[in-house]
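Colleague: need coordinates for the below:
(one chain, ligands or ions: 3)
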Amino acid sequence: MTMKKILNQIKMEFTVAGIVHPRYYHTIGVIEMALTLNNVHQLHIEKEKIILAAGFHDIAKLLDKSQMLDILVKNYPNEVENLLDYPQIWHSFAGPIYAKEKYYIDDEKVLQAIKYHTTGRPNMTNLEKIIFVSDYIEKITRKEASMIETRKIALKDLDSAVCKTLGDTIMYLKQTHKKIYDLTQAAYDYYLAKEN
Ligand code: DGI
Ligand code: FE
Ligand code: FE
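Modeller: Numbering: from 1, shown residues only. Ligands and ions are numbered 1, 2, ... in the order given. Sure thing, here's the model as predicted:
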């Protein structure tokens, strides 16, 4: 797929009643930042994989909660009961299924990067890491001080930026009285141990 075609598909998915949702501009920011991190750290990931993973990472975000749940029930029958307490994560787990069914994305590495973009996980691939971090630090819509600080770290040390993103996220979840999903905690424990 060409870059132009991918961006058009995403723009259409994020256009609601003729208005382009801010989610589209966030997505452009994630593509740009992920490409930057690939270059800065010389990861040599194929450009097309990065554009697909970043471009489609939030593809399921604007579905109705009922549509997301329907996808989860069908595709993660054993995990769905536990996932009920974490609605913020639904779009990431529904993402690879929706991207495959509607947009014929079939690269497993790309699909995994979409799936884990919200929680992270221990021992992520480089593609998973750059999508996970770029989601938090992209320049177009992420303007908070902690995000800008993490952006500086990400240009120097990717694992450190993964660790800080997870730490900031967990702190935010605690402040807002949301439950921390096992995988988010496991990812944080893993990257914190790597830091020390
Ligand atoms: O979709 P985005 O807004 O671009 O960002 P995202 O997919 O990284 O995160 C969406 C939300 O998910 C964000 O507010 C943090 C939240 N989240 C991440 N890990 C967990 C979580 N929510 C809960 N309840 N538990 C988690 O472990
Ligand atoms: Fe997301
Ligand atoms: Fe996102």
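Colleague: which parts of the helix or strand hosting Ala54 are buried?
Modeller: If you go by DSSP states H and E, Ala54 is part of helix 47-56. For helix 47-56, a neighbour-count test (16 or more other Cβ atoms under 10 Å) marks 49-56 as buried. The C-beta positions use only the backbone N, C-alpha and C, and glycine is treated the same way.
Colleague: now do the helices in this protein.
Modeller: Assigned by DSSP state H, the chain shows helices spanning 3-13, 22-40, 47-56, 65-75, 80-83, 90-103, 108-115, 126-137, 145-156, 158-175, 182-195.
Colleague: around ligand 3, which positions in the protein sit nearby?
Modeller: For the chain, the residues in contact with ligand 3 (Cβ under 5 Å from the ion) are 58, 135.
Colleague: could you pull up the contacting residues of the residue positioned nearest the centre of the chain?
Modeller: For the chain, the residue lying nearest the average C-alpha position, counting by Cα atoms, centre = their mean, turns out to be His117 (2.7 Å). The neighbours of His117, taking Cβ atoms under 8 Å, 6 or more residues apart in numbering as the test, are 57-58, 92, 95, 128, 131-132, 135.
Colleague: now it. Nearest residue, chain neighbours left out?
Modeller: Residue nearest to His117 in three dimensions, not counting chain neighbours: His57, with 4.6 Å by Cβ to Cβ, 6 or more residues apart in numbering.
Colleague: Met147 too?
Modeller: Of all residues beyond its chain neighbours, the one nearest Met147 is Ile137 (5.3 Å), with distances taken as Cβ to Cβ, 6+ apart.
Colleague: confidence score at that neighbour?
Modeller: In this model, Ile137 is scored at 98, pLDDT.
Colleague: count of neighbours near it?
Modeller: Each residue near Ile137 was counted by other Cβ atoms under 10 Å, and the total is 26.
Colleague: that one contacts Ala154, correct?
Modeller: Yes: Ile137 lies in contact with Ala154 (Cβ atoms under 8 Å); the separation is 5.8 Å.
Colleague: what is in contact with these two at once?
Modeller: Between them, Ile137 and Ala154 have Ala161 as joint contacts when contacts are counted by Cβ under 8 Å, 6+ apart.
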